[in-house]
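Chemist: What would the 3D arrangement of this be:
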Amino acid sequence: MITQEQIAGVIDSQWDVFLRKDTGLRRDALNKLPVIETYATIVTGIRRCGKSTLLLQLLKERFSNAIYLNFEDTRLAGFEISDFARLGNEIIKRKINVLFFDEIQIVSGWEMFIHQKLNEGYQIFITGSNASLLSKELGTHLTGRHISCELFPFSYNEFISFKKLENNSDSLNDYLAHGGIPEYVKSGMGVILNNLMDDILIRDIAIRHSIRDVNSLRQLAVYLISNIGNLVSANKLEGMYGIKSSSTILEYFSYLKDSYLLEFIPQFNYSLKAQARNPKKIYAMDLGLFNENSTAFTDNTGHKLENAVFLYLRNKYPDIYYFKDKGECDFIAMNKGKVQDVIQVCYKIEDTNFEREYNGLVEAMKYFNINKGTIVTFNQKDIFEENDLKIKMIPATEFLQ
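Modeler: Next up is the predicted model:
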């Protein structure tokens with residue numbers, strides 16, 4: 001049990017720290033953050049990507065005051081569903097109708113409290129570091145009362161704005177090396193991303209899902225993050241790192257995805273069973289995490305560029321696939337079941353790889369009956385036309401804008 005006096009003290013203490021935070025670079029996500037009365041706004045994203053800073057920016061632009069409470073504060077350890085009544089009393093006492101809650105989902109029964117506050121007319125914003133924040137809880141007590149959005153680490157555009165860089169090849173190399181976790185981009189201290197990965201594996205996955213063999217989970221995660229841009233199959237990983245069941249590996253895949261550490265994109269197929277059966281392509285949700293935690297011994301620049309293009313698409317489109325038939329195409333970006341972009345990524349087009357990259361893209365374009373396609377390179381530019389098909393080869397610095 002947490003007393004109301006203790007809750008009040010934590011709110012005051014956290015508020016002082018919250019207001020002292022640097023608002024930093026104004027995030028692009030602020031423009032599309034849904035703010036609707038009587039709805040809870042749910043913001044999810046990887047740890048340390050700037051969710052609380054986004055709330056601070058929202059506060060400065062839209063509201064005069066708010067109550068902020070991060071439930072991962074050790075002073076709130078032991079917070080129980082019955083303590084929500086005392087929190088409710090404290091909120092009433094302060095006469096503030098905008099509520100910011102960080103990681104509230106770690107408290108069982110939180111969704112009933114939020115539902116009550118929405119009925120009482122409060123404006124509520126919730127942030128969490130798990131994509132399923134919540135899916136089970138939101139689908140029960142908050143159906144039709146919430147709007148969800150995601151926040152990602154700095155995009156390439158945000159990265160060069162934050163570091164005050166020109167948009168050129170040197171800046172792109174810098175982004176491929178550092179990624180977009182704000183604190184790391186600012187300091188360059190690798191230990192930040194080492195600790196971040198441990199936090200994700202332990203707090204967001206092992207503790208949340210009661211996984212005892214954390215070492216096997218960590219070994220699997222390092223293996224996967226070291227293989228960005230490659231295909232992976234749970235069946236082929238069975239037995240590695242002491243994980244004996246492919247079903248357990250698939251569970252770990254879903255946990256890594258929900259925590260925003262990794263993404264697994266499926267091969268396009270109209271059959272959902274075939275999608276589930278075919279290998280997935282792995283991408284890191286931040287390139288800095290790859291660079292600081294990977295055990296890859298090669299330079300991997302091509303796969304890093306591909307990963308950067310994936311992150312751009314992931315922020316823009318809800319559904320992304322890779323295409324494979326006789327050839328392969330890296331990305332099929334879709335929205336509401338319709339293909340929006342067909343994209344091939346190659347660090348440098350040469351005589352030895354042109355036919356493979358070009359033919360794979362053309363095959364996908366014909367399959368989806370799309371007459372425009374793109375080849376993203378590091379710094380090459382060209383245009384190819386074949387019958388009614390038009391393919392643009394453009395530098396990543398142009399594509400990522």
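Chemist: Contacts only, for Asp102.
Modeler: Residues counted as contacts of Asp102 (CB atoms under 8 Å, 6 or more residues apart in numbering) are 51-52, 68-72, 126-128. Using the backbone N, CA and C atoms, a C-beta is placed for each residue, glycine as well.
Chemist: how about 7 Å then?
Modeler: By CB atoms under 7 Å, 6 or more residues apart in numbering, Asp102 lies in contact with 52, 70-72, 127.
Chemist: Phi first, then psi, for it.
Modeler: phi -100, psi 130 (degrees, to the nearest 10).
Chemist: any idea how far Val345 is from it?
Modeler: 36 Å (CB to CB, to the nearest Å).
Chemist: ok, now Met197?
Modeler: 25 Å.
Chemist: next one: Cys329
Modeler: 10 Å.
Chemist: same question, Leu262
Modeler: Shown here: Leu262 relative to Val345, a distance of 18 Å by CB to CB.
Chemist: go on, Leu76?
Modeler: From Leu76 to Val345 the distance is 45 Å (CB to CB).
Chemist: Of the two, which one has the most company?
Modeler: Val345 (24 against 20; other CB atoms under 10 Å).
Chemist: check contacts around that one.
Modeler: Counted by CB under 7 Å, 6+ apart, Val345 has contacts 305-306, 309, 330, 376.
Chemist: go again using 6 Å as the cut-off
Modeler: 306, 309, 330, 376 (CB atoms under 6 Å, 6 or more residues apart in numbering).
Chemist: Do I have it right that the last one meets Phe399?
Modeler: So that's Val376. Yes. Contact between Val376 and Phe399 holds when scored by CB atoms under 6 Å: they sit 4.8 Å apart.
Chemist: neighbour count winner among those two?
Modeler: Val376 (26 against 19).
Chemist: quick one: the more buried one is in a helix?
Modeler: No. Counting by DSSP: H, G, I helix; E, B strand; the rest coil, Val376 is not part of a helix but strand.
Chemist: what about Ile205, neighbour count?
Modeler: 23.
Chemist: What score does it have for pLDDT?
Modeler: Ile205 is assigned a pLDDT of 96 by the prediction.
Chemist: Surely it is in a strand?
Modeler: No. Read with three-state DSSP, Ile205 is helix and lies in no strand.
Chemist: okay, now the closest residue to it other than its chain neighbours: neighbour count?
Modeler: Distances taken as CB to CB, 6 or more residues apart in numbering place Tyr255 nearest to Ile205, at 4.5 Å, with adjacent residues excluded. Tyr255 sits with 23 neighbouring residues when counted by other CB under 10 Å.
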